Structure formats: structure tokens, C-alpha cells
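> Fold the following.
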Amino acid sequence: MQEITKYEAGQSVEGYLLIKSVAKSTAVNGNPYLTLILQDKSGDIEAKLWDAKEETEKQYQPQTIVKVKGEIQNYRGRMQLKIRQIRPAGPQDGKSVDEFIETAPLSQKDMADIITQFIFEMKNPHIQRITRFLLNKYHEEFLEYPAATKNHHEFVSGLAYHVVSMLKLAKAIADLYPSLNRDLLYSGVILHDLGKVIELSGPVSTVYTVEGNLLGHITIMVNEIGKAAEELGIDGEEVTILKHIVLSHHGKAEWGSPKPPMIKEAEILHYIDNLDAKMNMLDRALNRTKPGEFSERIFALDNRSFYNPQFSS
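The predicted structure is shown next:
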């Protein structure tokens, strides 16, 4: 079986996939059905399991490896797997979850080394100590967790990879605009999504935790910065500004930020975060798209399709 994202509409599929997530719904005829998100290392695809009884729901849970047979179809601009046959894999199939997990293109060690170097370059001792303290506190989770449950960097180690990419962008922008405070900008990049290690359940079949649903990663991280500063005995303006950078990184209230950016570094962080997330979405969609064709619709980008030019760069 080839990678699931490489199939085209009309092609048959037969092989093993991992259930990434499951959602239960009711059809117009009143019968329950399951929406399965099935994945391999290349990405994921949606599939419907109709007439799903209670025992069926118990049988097909997230992190279950399944053997499927069906066809790929284009449904409203997105590829979908129409299931003909499906069963849970057993020990006799010789499959492990690790075979189906998408991971960041850089190793955890390489990403940790890059981030450590950026912290080392910070000159403000208060900002450096808070950043290092919080990264050490959640070091293992930070290197393993995705940056989201869907849309961008939703793979193992996606959070750290997102931060590494953003740090490189931040450095390039600070080189061009030297009036920017690098310490604030670098720290904001490292800390802005760190609350996701509490907001999200883990690196595989990721869902929102109770704290994630009730508080969200922004509130979680603002609280963590306050606790870190108190524990380290730091009581300067830097603490308030770091909190503001995290509070405002989504840019607008309707996008989840209680405050809009009100310092230069917060404004730039918002742009960097948005740019890296969108580039990840675009690259992943266009990697699945043949030259001369349009991609699947990308929901988070106003449900647009993007054209993949035929000429090489």
C-alpha cells in the first residue's frame, strides 16, 4: 500500500492505517455513524463508518490499527476514503503504532540544540531565566507534543518544530529590523504555545484535556509565567511584557487573544506564528498535489484550493 496522501480519486485502497480520531454522529435516517480520521506517516484521510452500533464504536477507538479496503473519492473538494471492508488489526498482522505516526523532519536532539542556542544568546537575565526554567520544566513534553490537533504541525514533535522554524524567522526579521528586542521576541516564540503541553493530551491521537477546554493554552501559559517568576524571585516589567506577548499572539479577540499586540515584539510574533502555521498547511497540501492541479480545500485558509504550478523553481 502506498502512502495514503498519494492516492487519487477513483483508486482502490487495501492495507493498514491507524485511527487518529473518532467522532460519532447521527445520519438523517436516524442511524448512528462514525467519522474516522485514518493516518499513516504521510498524513491522514477521513472515512465514514455507517450504521455504527455501540459495539462498533467500542471496536474502533483512537490508536487502533485497522485493515481497510475501499476507494478514494473526492467529496466537496477533499479526498475521502469510502470503506468497503474494515477490521481491527491483531497480533497476527504484525503491525505497531509507530509505523503510522507522522513525525517532525528534525530529530528531537537537533531541535533542542537549536532552541538552547537561542536561549544562550539572550542578554536579559530575567527573560533568559524564566524561559529556561519553563522549557526545562516541560522539556520532554515540549519535544514530543504536536502544535495542534489539526490544521498545522499536528504531528509528533510538531510543537518543537514550529518553534524552531519561528526562531529562524525571528532571527532573520531581527537582523533586518535591529530595533526589535531579540530577547523578548525569542522568548515569546519559545513560550507562546508551551501551554499546549497541558492543553493537549499527548503526541498521538491528540485531544483537548479538561484544562485545555476550560482554560486554553494562552491562559495556561500566562499563569505558568507568573508562577515561574515568583519561584525565581523575579519581579520586573519583563514578567508583565512576557505575559502580554503570550496573551496577544493570536492577534485579535475573535482569534482567541484577550488582548491585541501592544508592543512591537508582540506584533511581530503574531505575524511569525501566522506565517509559519500557514506555510506548514500549504506545504503539506501542495505536497499531495500534482503539478498543474489544485490542492484539496484548506479549511483554515478560508476553505481555498491552491494551484501547484507546473514549472520548477
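> Every contact and neighbour count from this point should use C-alpha atoms.
OK.
> Isn't K69 up against I83?
Yes. Counting by Cα atoms under 8 Å, K69 does reach I83; the two are 6.1 Å apart.
> So in this protein, which strand runs the longest?
The longest strand of the chain (DSSP state E) is strand 12-26.
> Need the contact partners of it.
1, 32-40, 60-72, 89, 97, 100, 204-206 (Cα atoms under 8 Å, 6 or more residues apart in numbering).
> can you pull the buried residues of it?
In terms of neighbour count (16 or more other Cα atoms under 10 Å), strand 12-26 has its buried residues at 13-14, 16-22.
> what's the helix ranked longest in the chain in contact with?
Ranked by residue count, the top helix of the chain under DSSP state H comes out as helix 264-287. Where contact means Cα under 8 Å, 6+ apart, the residues beyond helix 264-287 that reach it are 151-153, 162, 165-166, 169-170, 180-181, 184-185, 188-189, 244-246, 248-251, 261, 295-296, 298, 301, 306-308.
> cool, and stretch 43-62?
Applying Cα under 8 Å, 6+ apart, the set of residues contacting stretch 43-62 is 4-5, 18-22, 31-39, 79-83, 88, 102, 205.
> Pull the residues that contact stretch 161-175.
104, 106, 111, 114-115, 118, 147, 153, 180-182, 185-186, 189-190, 269, 272-273, 276-277.
> try it again with 6 Å
With Cα atoms under 6 Å, 6 or more residues apart in numbering as the test, stretch 161-175 has contacts from 180, 190.
> Just checking the distance from that stretch to the centre of its chain.
Distance, stretch centre to chain centre, for stretch 161-175: 17 Å (Cα atoms, centre = their mean, to the nearest Å).
> shift numbering so it begins at 83
Shifting the count to begin at 83 puts that one at stretch 243-257.
> For that stretch, buried residues please.
So for stretch 243-257, counting by 16+ other Cα under 10 Å, buried means 243-252, 256.
> Now that stretch - C-alpha only, PDB.
What follows is stretch 243-257, C-alpha atoms only, in PDB (Å, rounded to 0.1, in the frame of the first residue of the first chain):
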ATOM      1  CA  TYR A 243       9.500  22.100  15.000                       C
ATOM      2  CA  HIS A 244       7.000  25.000  14.900                       C
ATOM      3  CA  VAL A 245       9.200  26.900  17.500                       C
ATOM      4  CA  VAL A 246      12.400  26.100  15.600                       C
ATOM      5  CA  SER A 247      11.000  27.500  12.400                       C
ATOM      6  CA  MET A 248       9.700  30.600  14.100                       C
ATOM      7  CA  LEU A 249      13.000  31.200  15.800                       C
ATOM      8  CA  LYS A 250      14.800  31.200  12.500                       C
ATOM      9  CA  LEU A 251      12.200  33.600  11.100                       C
ATOM     10  CA  ALA A 252      12.500  35.800  14.200                       C
ATOM     11  CA  LYS A 253      16.300  36.000  13.800                       C
ATOM     12  CA  ALA A 254      16.000  37.000  10.100                       C
ATOM     13  CA  ILE A 255      13.500  39.700  10.900                       C
ATOM     14  CA  ALA A 256      15.500  41.000  13.900                       C
ATOM     15  CA  ASP A 257      18.600  41.200  11.600                       C
END
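> if we can go back for a sec, and the angle for the helix or strand that comes right after the longest strand of the chain with strand 94-108?
Next along the chain after strand 94-108, taking DSSP states H and E as the criterion, comes strand 114-122. Interaxial angle of strand 114-122 relative to strand 94-108 (axes from the mean of the first three to the mean of the last three Cα atoms, to 10 degrees): 140 degrees.
> For burial, what's the neighbour tally of the closest residue to M161 other than its chain neighbours?
Once flanking residues are discounted, M161 sits nearest to Q155: 5.7 Å by Cα to Cα, 6 or more residues apart in numbering. Neighbours of Q155 under the rule other Cα atoms under 10 Å: 18.
> In three-state terms, label Q155 for me.
strand (DSSP: H, G, I helix; E, B strand; the rest coil).
> distance of it from T198?
Distance of Q155 to T198, computed by Cα to Cα, to the nearest Å: 46 Å.
> repeat for L100
For L100 relative to T198 (Cα to Cα), the value is 34 Å.
> Check N156 too.
N156 is 44 Å from T198, by Cα to Cα.
> And the lowest mean pLDDT element among the helices and strands of this structure?
helix 136-141 (a mean of 86; mean pLDDT, DSSP states H and E).
> Show the residue spans covered by the helices in the chain.
Under DSSP H, the chain gives helices at 136-141, 190-202, 207-219, 221-226, 240-258, 264-273, 278-281, 292-296, 298-314, 319-330, 346-369.
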